[in-house]
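> Would you be able to build a 3D model of this:
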Amino acid sequence: MAIVENTESVTRQSQIQTQSILGQEVHELWFTRCPVPTATGIAADLGWFSDEFGPDDIALKSLQDVPRSNLSGHHFEHGLDALFREGGNVPALWTRARGQQTRLIGLTWIEERQAILVRAESDLETVADLKGRRLAIPSRDRGTVDFWRAMALHGFTGALSTSGLTLADTSLVDVVSSWGDQGGGALPQQWDPELHALTAGEVDAVYVKGAVGVEAGERAGTRVLLDLDVFPDPRVRVNNGTPRPITVHQRLLDERPDLVARFLSVLLRAADWAAAHPSDVTAILQGETGAGQAGVAGAYRSDFHLHLHPDLSNERLGLLEQQKDFLLRHGFIESDVVIEAWADQAPLQEARRLVAAGSRL
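Purely as a prediction, here's the structure:
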């Protein structure tokens with residue numbers, strides 16, 4: 001299924017222009033993250049970026065803290081040279097495929113509730129029963145890439161594969177939403193268009209994920225047909241947030257690799273802290289996700305707080321390759337991305353050295 005996207009250049013100008021880093025003292029860096037568990041979000045909440053960079057008179061600013069009309073597009077397009085992004089892989093791969101010179105400097109894998117929901121009174125009992133049924137596929141004109149659509153298609157693909165089915169065995173129903181760009185911020189009612197179509201009898205099943213997805217499904221009175229977390233094979237759950245990339249602009253990496261390594265070292269220390277403070281992490285996640293305690297507990301279970309550390313292992317790179325192939329096959333990205341070439345292992349290696357030495361550059 002080819003998805004027609006807005007072809008506006010990813011380098012379009014925003015109200016704040018991208019500034020050159022070369023030959024200048026750096027006094028400002030930016031970071032952005034999605035409303036999910038991230039070491040970036042935890043470090044920001046703890047104030048550790050200020051602790052790390054403040055003594056050098058470098059301000060770390062979050063895209064989530066500025067008016068969306070100014071900088072929100074950079075969360076998806078990565079048009080700022082001095083931006084660190086920890087977020088969904090669909091925009092990151094889309095941006096790279098369109099020629100933006102980003103580099104992959106880390107990947108995380110957080111088990112985040114992914115589920116197929118049906119009406120409480122539905123006659124559907126197993127995934128095999130989805131054959132010939134209507135699946136809700138969101139359609140959202142963002143002016144960038146429709147990652148909502150990509151998530152639903154891949155979520156259903158993974159679910160159907162557990163019963164030997166494919167998307168071709170079902171009927172895909174577009175559910176149109178006019179919601180605009182949210183700049184990575186939390187949307188407490190983000191699954192409502194699909195769930196409304198479900199409760200209205202227009203579709204038979206909806207894919208949701210995360211804490212807000214859990215809450216939205218319960219609010220709509222739905223029933224879980226399949227919880228993808230029950231399958232030990234992670235390939236069933238590959239999607240926008242699994243694995244989740246950390247990216248940086250090539251220019252910043254080339255000109256100030258020390259700052260990139262230091263940023264990653266803060267993430268590693270934040271992940272260490274999270275592993276030892278599960279209840280505190282849950283509290284932080286309520287603010288990060290925009291969900292309540294029940295939603296967070298329902299979406300992030302077991303020992304998820306132990307796995308916020310970024311790495312670039314062959315396993316995670318292979319899982320990202322699977323996601324890239326899916327996006328290319330379904331027309332979400334325009335050209336291939338060579339994952340191994342996109343990844344740069346050096347910054348994370350240096351960050352680990354810094355953490356082990358207990359020092360800064």
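> Hmm, residue 175 and residue 140 touching each other?
No. Contact between residue 140 and residue 175 fails when scored by C-beta atoms under 8 Å: they sit 9.2 Å apart. For the C-beta atoms, the positions are set from N, CA and C on the backbone; glycine is no exception.
> And those two? Which one has more around it.
Shown here are residue 140 and residue 175; by other C-beta atoms under 10 Å, residue 175 has more neighbours (22 against 17).
> Report pLDDT for that one.
Listed pLDDT for residue 175 reads 95.
> Can you report phi and psi for it?
As for residue 175, its main-chain torsions (degrees, to the nearest 10) stand at phi -120, psi 110.
> Show me what it is bridged to.
As for beta bridges, residue 175 partners with residue 138 under DSSP bridges.
> so where's this protein uncertain?
The chain contains residues with pLDDT under 70 at 1-24, 67-73, 142, 178-189, 359-361.
> so where do the strands sit in it?
Ranges of strands in the chain, per DSSP state E, are 28-33, 59-62, 83-86, 102-108, 114-119, 134-140, 171-177, 206-209, 222-227, 244-249.
> Figure out which of the ones you listed is closest to residue 353.
Judged by C-beta to C-beta, the one of the strands of the chain that comes nearest to residue 353 is strand 102-108, at 14.6 Å.
> Summarise which helices and strands the closest one is packed against.
Under the contact criterion of 3 or more C-beta pairs under 8 Å, 6 or more residues apart in numbering; DSSP states H and E, strand 102-108 touches strand 83-86, helix 89-97, strand 244-249, helix 250-255, helix 257-276, helix 314-329, helix 339-342, helix 346-357.
> Redo the strands of the chain as TSV? Include distance to residue 288.
Converted to TSV, these look like this (distance: least, C-beta to C-beta, whole Å):
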stretch	distance to residue 288
strand 28-33	8
strand 59-62	11
strand 83-86	11
strand 102-108	14
strand 114-119	18
strand 134-140	22
strand 171-177	23
strand 206-209	15
strand 222-227	22
strand 244-249	13
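> follow-up on the earlier one: tabulate the helices and strands packed on strand 102-108 (TSV), appending distance to residue 196.
What follows is the helices and strands packed on strand 102-108, written out as TSV (distance: least, C-beta to C-beta, whole Å):
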stretch	distance to residue 196
strand 83-86	31
helix 89-97	24
strand 244-249	28
helix 250-255	42
helix 257-276	35
helix 314-329	27
helix 339-342	37
helix 346-357	43
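> Kindly reformat these as JSON lines containing distance to residue 77 and mean neighbour count.
Compiled in JSON lines, the helices and strands packed on strand 102-108 are given as follows (distance: least, C-beta to C-beta, whole Å; neighbours: other C-beta atoms under 10 Å):
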{"stretch": "strand 83-86", "distance to residue 77": "10", "mean neighbour count": "26"}
{"stretch": "helix 89-97", "distance to residue 77": "6", "mean neighbour count": "25"}
{"stretch": "strand 244-249", "distance to residue 77": "11", "mean neighbour count": "26"}
{"stretch": "helix 250-255", "distance to residue 77": "15", "mean neighbour count": "18"}
{"stretch": "helix 257-276", "distance to residue 77": "20", "mean neighbour count": "21"}
{"stretch": "helix 314-329", "distance to residue 77": "16", "mean neighbour count": "18"}
{"stretch": "helix 339-342", "distance to residue 77": "16", "mean neighbour count": "16"}
{"stretch": "helix 346-357", "distance to residue 77": "22", "mean neighbour count": "17"}
